[in-house]
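Asker: got a sequence here, can you model it:
(chains A, B, C and D)
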Protein chains: 4
Amino acid sequence: MTDQPRPSRPVMLGQNQYGKAENRVVRITRDGDTHHVKDLNVSIALSGEMDDVHYSGSNAHVLPTDTTKNTVYAFAKEHGVESAERFGIQLARHFVTSQEPIRQARIRIEEYAWERIGTSDGDSGHVGADGAKHSFVRKGQETRLTQITFDGERWQVISGLKDLTVMNSTDSEFWGYVKDEYTTLKEAYDRILATEVSARWRYGWSSDDTRMPDWERSYEEARRHLLQAFAETYSLSLQQTLYQMGSRIIDNCGEIDEIRFSLPNKHHFLVDLAPFGLKNDNEVYLAADRPYGLIEATVLRDGTEPRIPVDLTNL
Amino acid sequence: MTDQPRPSRPVMLGQNQYGKAENRVVRITRDGDTHHVKDLNVSIALSGEMDDVHYSGSNAHVLPTDTTKNTVYAFAKEHGVESAERFGIQLARHFVTSQEPIRQARIRIEEYAWERIGTSDGDSGHVGADGAKHSFVRKGQETRLTQITFDGERWQVISGLKDLTVMNSTDSEFWGYVKDEYTTLKEAYDRILATEVSARWRYGWSSDDTRMPDWERSYEEARRHLLQAFAETYSLSLQQTLYQMGSRIIDNCGEIDEIRFSLPNKHHFLVDLAPFGLKNDNEVYLAADRPYGLIEATVLRDGTEPRIPVDLTNL
Amino acid sequence: MTDQPRPSRPVMLGQNQYGKAENRVVRITRDGDTHHVKDLNVSIALSGEMDDVHYSGSNAHVLPTDTTKNTVYAFAKEHGVESAERFGIQLARHFVTSQEPIRQARIRIEEYAWERIGTSDGDSGHVGADGAKHSFVRKGQETRLTQITFDGERWQVISGLKDLTVMNSTDSEFWGYVKDEYTTLKEAYDRILATEVSARWRYGWSSDDTRMPDWERSYEEARRHLLQAFAETYSLSLQQTLYQMGSRIIDNCGEIDEIRFSLPNKHHFLVDLAPFGLKNDNEVYLAADRPYGLIEATVLRDGTEPRIPVDLTNL
Amino acid sequence: MTDQPRPSRPVMLGQNQYGKAENRVVRITRDGDTHHVKDLNVSIALSGEMDDVHYSGSNAHVLPTDTTKNTVYAFAKEHGVESAERFGIQLARHFVTSQEPIRQARIRIEEYAWERIGTSDGDSGHVGADGAKHSFVRKGQETRLTQITFDGERWQVISGLKDLTVMNSTDSEFWGYVKDEYTTLKEAYDRILATEVSARWRYGWSSDDTRMPDWERSYEEARRHLLQAFAETYSLSLQQTLYQMGSRIIDNCGEIDEIRFSLPNKHHFLVDLAPFGLKNDNEVYLAADRPYGLIEATVLRDGTEPRIPVDLTNL
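Answerer: Predicted coordinates:
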């Protein structure tokens, strides 16, 4: 082993964090013969007094990432998983309060939804009673997300979703834009508007002294308002639709102070069928992959400060 | 340009095919204010008298892949998309009958399902009447598949699905297996059984002289029987569950003669919590990625010949 | 547990196989201070007398997939990994000869190449002598593949590669093709030709009575001929280039009897800059994703029978 | 079209940006018969006076994302692509200076490296002279990245790389860490250390009044120091290796002020072969996928302020 002293200036260590990422935990709760599933992907990031491990490799302040993994599974047993948010809060509190050198914990959780086989379309009668009670099919639509940050005093909870793909087959236009010497686009008065919604919303709740939101209900409400705003907005630009989705949530969900969207414009190009002697009356579209317009913005409650980063990340 | 004569023996050209793959077409049908969506990914593979293009590069027999793409979009307008199967049949017939050198066409189609916003959970009343009529969210569960092959005389239709993830949280055991010198696995009397179903079923229909199945209804029925067999089978092995799913479909869907499954055993390992003084009573599982057991088999109607390849491919 | 008798006719079980897929094994060999790496992804598929496990769930003939995983790691220690092919042969022989009910084993292996840090560009002098001996960077180019099949008597070895992306920036044309009513493509007399090569080649070797090829050398030679044929062919069609690559390998590698290619035509479209008053003299291209032409063919040694499936699979 | 007034308080619009993402441009430069390739993926994000398009859908300030795409291709012709950084600077300057409402442009570029066929292993003599001049194979190792931000006055350039996978097969230990009630990990005195490097470094250059760095040379130097520091560090923790990589770059590349790493600890677990009567003397490892340790930190030049976001994003 070579000897590696603390490097001489002029180099400094900046923000740093570590932990075990992507711990896949499935928690089954048995309510008599009826089972319930919570399916999570939990990532831990801890920070604090960690200079030495960077400078000399001393692990005297380092709780192993393997231990953070074990803690996830142990807590799933000890505390159950009522909601991803509450589970993340329990984990964050544990790391910050039990380890002296750890000053901040950030817990990120992805949640995958399951629905009961035979009940999605109301025909549960077709499945044997036992099957319906413990048999599930993964819903497969959006992935629910949350990020819990705790510094020993204040909480920050940012929840959201990704991979929710939506489309309006009409009631979208795009015209009246700037034209410069590189502009060739034709104006559109009836187009498809489609996007894959990635959204993160920040809760106002930040202290153990006040009551937590009902995380499960809040998620359902935010998702419902988002979808309905998308469906009901006659759109002149994807930015306008974004703002409608965001302001609808701020207006209706008092527990949410800020929301940020990253919305790829999933272009559906009307195919020119004239060379084949056919008229395309908004019937046949080419769904394109790349490039795509990318529209991103934050919508906030008046008087609050934005805290969600400009770039949304996957986990 | 160099001169490239037909290569001297001893080299031969074997099976070959070409065409445009992954043509993404979205077909909107307007029924008054109510819109309907078909969202397909269409891949064309043509074969026939194609020796020259391989030996000398002469394209005299080659309909460009770009033309096969154009044909997909033109046909979506001319014929609509009643079902992926019917659309594939129209395309295959066209290529084989309109181009002398083309002797066989194989059309593969992926279909992505959409559901109306506001109607999935029965609360359509929450969305403005107009929105519900042309606003959609991608269902995101399984991808539906079909492959149509036509040689000018006989049809072969193989349909199916992929990426349908299912789980039974109990009613699964695994014991009584062979032990050799490399066996360390403990027997299990109550385990999670989960898999991501990839299935392909072959229809008996093969001639224009007989009536086609109702493709849309057949898909729904096959999918329903598959899910119900999964849910209702008390399983001693994933092979047993596979066979139950297959035989249930053969028994109930007279139009289907053969079905092949590729079922990864998505292991959910019971986490050992004893080191932490906790008892894990089938509550906390680690969902593993790799490696995974892979169980594959064909189930057929008595008296029929298997035709589905051993290895299922994605498209 | 419900009672599940062998199902009544008319249902039959067809081809079936099972085993552990994607076992990731890294084998380090220490030659003094100099280390060597073999990095493999091994998938096992066994078949034989397996009716009962499908019909009744009896595992009396079933060696657990977990055991097949253990065997991979134990064999990596016991036999080392001289080449992926030889390792696969050892595994296949073991399963077929040690387990009465198992009649056939198919072993698939992916291999990832590593190169020494500091030696890729000849500047190893920059790295401390110790580092260069045990420090590696993943090469990241193609993935090497092999599939070994053994029925107790005959061997079949199909090796190959995937994800090898190549491009000729000139010496490619496309014209003289068939035009029908859906053809709009313009002829091209100087285009980019690019593809992501997926190739599988079958060895003539099939019996323990004859000497195995030198698998490592054969891979290097086949890859070299493939790349050189791609580079040196003035191409009038991707089919012609494919045939040149295949026949070059058959001509030069006596141990290989058959090769199949799946070549997506990675379209690079010349961008029309005329609207901006610019001439694009084969300088600026748009690299497209989907759709893509897909060209697939088998090239064989005269007098041999094709055995490689029409559809190449990833593993 | 419905009438959508500026929403009443209490909702505000926060940071917002838009543009075309993932424009795939390939630029060929012909130097006589010898061709050179630049292969880029360019993403544009513009911000400025964009309130109206969010509130009312008025596009009067909106240069279409389609136009930003066209500009990428036109600039590739007009200015060539000397380096990704210089190309991004030209684009950013154009958008900010030519469009009154646009106050800031952020250009992100991924670059894919190609090498000449026949020259990677020094045997160019094997390829026909013409082939070697215009035939390429994609290198496939890391992806090079840059992000250019310009507000009309100051520049910020953050470059880097992702997907560079490295491994030391020895000279790594992990011991002396904190143990709590959830710790089960055994200390290791000789382990594999492997990671997939994602790094971003920020240049000190920020003004047109000072001379730009030599971007191509700087990339090669930063990459070389990073790899060599990885290879030469006897590691007691991945944090220590990270810090060595970062400080080596700060020490040797005067033009770089800050660097941030995101390093997944790609665990290679020593397989327990004792149940099979075998001793595993650091020879056989299981390469695991999830979960993984994730180590992230910033290293900076003394006296500079950190500007690279805590979370690195892909594009």
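Asker: quick one: the helices in the stretch 151-300 of chain A, in order.
Answerer: Assigned by DSSP state H, counting those that start in this stretch, the helices in the stretch 151-300 of chain A fall at A:215-232, A:238-252.
Asker: please apply the same query to the stretch 1-150 of chain A.
Answerer: For the stretch 1-150 of chain A, applying DSSP H, counting those that start in this stretch gives helices covering A:51-55, A:65-78, A:84-98, A:129-134.
Asker: tell me which helix or strand of chain A sits lowest on mean pLDDT?
Answerer: Between all helices and strands in chain A, the lowest mean by mean pLDDT, DSSP states H and E belongs to helix A:129-134, at a mean of 77.
Asker: and the pLDDT for the closest residue to A:Asp39 other than its chain neighbours?
Answerer: Once flanking residues are discounted, A:Asp39 sits nearest to A:Tyr112: 4.5 Å by Cβ to Cβ, 6 or more residues apart in numbering or on different chains. Quick note: C-beta positions are derived from backbone N, CA and C, even for glycine. If you check A:Tyr112, the pLDDT there is 98.
Asker: return the residues in contact with A:Tyr112.
Answerer: In this structure, A:Tyr112 makes contact with A:39-41, A:138-139, A:143-144, judged by Cβ atoms under 8 Å, 6 or more residues apart in numbering or on different chains.
Asker: now A:Ala105
Answerer: Applying Cβ under 8 Å, 6+ apart, we find A:Ala105 in contact with A:44-46, A:91-93, A:95-96, A:148-150.
Asker: and A:Thr165, by the same measure?
Answerer: A:194-197, A:266, B:137-138, B:140.
Asker: columns distance to C:Gly118 on top of those residues, output as JSON lines?
Answerer: Formatted as JSON lines, the contacts of A:Thr165 follow (distance: Cβ to Cβ, whole Å):
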{"residue": "A:Ala194", "distance to C:Gly118": "49"}
{"residue": "A:Thr195", "distance to C:Gly118": "46"}
{"residue": "A:Glu196", "distance to C:Gly118": "43"}
{"residue": "A:Val197", "distance to C:Gly118": "46"}
{"residue": "A:Lys266", "distance to C:Gly118": "45"}
{"residue": "B:Val137", "distance to C:Gly118": "52"}
{"residue": "B:Arg138", "distance to C:Gly118": "48"}
{"residue": "B:Gly140", "distance to C:Gly118": "47"}
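Asker: which of those ranks first by neighbour count?
Answerer: Highest neighbour count within the contacts of A:Thr165: A:Thr195, with 25 neighbours (other Cβ atoms under 10 Å in any protein chain shown).
Asker: that residue touches A:His268, doesn't it?
Answerer: No - applying Cβ atoms under 8 Å, one finds A:Thr195 not in contact with A:His268, separated by 10.9 Å.
Asker: what's the closest non-adjacent residue to the residue in chain A positioned nearest to chain C?
Answerer: Distance from chain C to each residue of chain A (Cβ to the nearest Cβ) is smallest for A:Asp289, at 4.8 Å. Excluding its sequence neighbours, the residue lying closest to A:Asp289 (Cβ to Cβ, 6+ apart) is C:Asp289, at 4.8 Å.
Asker: run a quick neighbour tally on that neighbour.
Answerer: 14.
Asker: got a pLDDT number for it?
Answerer: We have a pLDDT of 98 for C:Asp289.
Asker: and A:Arg191, how many residues sit next to it?
Answerer: 21.
Asker: need the contact list for the closest residue in space to A:Lys139 that isn't next to it in sequence.
Answerer: Excluding the flanking residues, the one nearest A:Lys139 by Cβ to Cβ, 6+ apart is A:Ala113, at 4.0 Å. By Cβ under 8 Å, 6+ apart, the residues touching A:Ala113 are A:39, A:138-139, A:141, A:144.
Asker: what's the answer for A:Asn70, then?
Answerer: Here A:Asn70 is in contact with B:275-276, D:182-184 (Cβ under 8 Å, 6+ apart).
Asker: mind picking the two most distant members of the residues you listed?
Answerer: Pairwise distances across the contacts of A:Asn70 (Cβ to Cβ) peak at 9.8 Å, for the pair B:Phe276 and D:Thr183.
Asker: count of residues packed around the residue in the stretch 201-315 of chain A that chain B sits nearest to?
Answerer: Here the residue of the stretch 201-315 of chain A nearest chain B is A:Ala231; by Cβ to the nearest Cβ that distance is 3.4 Å. Counted with other Cβ under 10 Å, the neighbours of A:Ala231 add up to 24.
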